[in-house]
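Participant: no FASTA, just this:
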């Protein structure tokens, strides 16, 4: 994995990058920056996204109270409630490494 210049190298970022590597895999040839989006650039969606967010909660003792998965990720398979839930939400928003850091 290639990291962008000035990419943080503290313990928290190392733990985050290790978790991302284990949960979704990080591309070897792509340069990773703080602006790299988990959903658009790394292709994390559906069940993978759910597992990633659960792992983040567990690893970093975070409670995603206001987290809305539909804002960032496409659901896995067919969701009968998608039309109702997504109404008025517009396009998906990038979830970047910087936002998780």
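Facilitator: Arrived safely, thanks for sending. All values reported here derive from a predicted model rather than from experimental measurement.

Participant: Please name the spatially closest residue to residue 33 (chain neighbours excluded).
Facilitator: The shortest distance from residue 33 to any non-neighbouring residue, by C-beta to C-beta, 6 or more residues apart in numbering, is to residue 4 (3.7 Å). Where you see a C-beta, it was placed from the backbone N, CA and C, and this is true even at glycine.

Participant: May I have the residues that are in contact with the one you found?
Facilitator: Contacts here follow C-beta atoms under 8 Å, 6 or more residues apart in numbering; on that basis residue 4 touches 31, 32, 33, 34.

Participant: how much space between the residue lying closest to the last one once chain neighbours are set aside and residue 77?
Facilitator: Beyond its immediate neighbours in the sequence, the residue positioned closest to residue 34 (C-beta to C-beta, 6+ apart) is residue 98, lying 3.8 Å away. Residue 98 is 30 Å from residue 77, where distance means C-beta to C-beta, to the nearest Å.

Participant: So between those two, which is more surrounded?
Facilitator: The neighbour count for residue 98 versus residue 77, taken as other C-beta atoms under 10 Å, is higher for residue 98 (12 against 7).

Participant: same for whichever strand or helix holds the more buried one, what does it pack against?
Facilitator: Per DSSP states H and E: residue 98 is located in helix 97-100. The contact analysis (3 or more C-beta pairs under 8 Å, 6 or more residues apart in numbering; DSSP states H and E) places helix 97-100 against helix 11-23.

Participant: Give the pairing partners of the next helix-or-strand element following the helix it packs on; include direction for each.
Facilitator: Toward the C-terminus, helix 11-23 is succeeded by strand 31-32 as the next helix or strand (DSSP H and E). Sheet pairing for strand 31-32, assigned by DSSP bridges, gives strand 2-3 (parallel).
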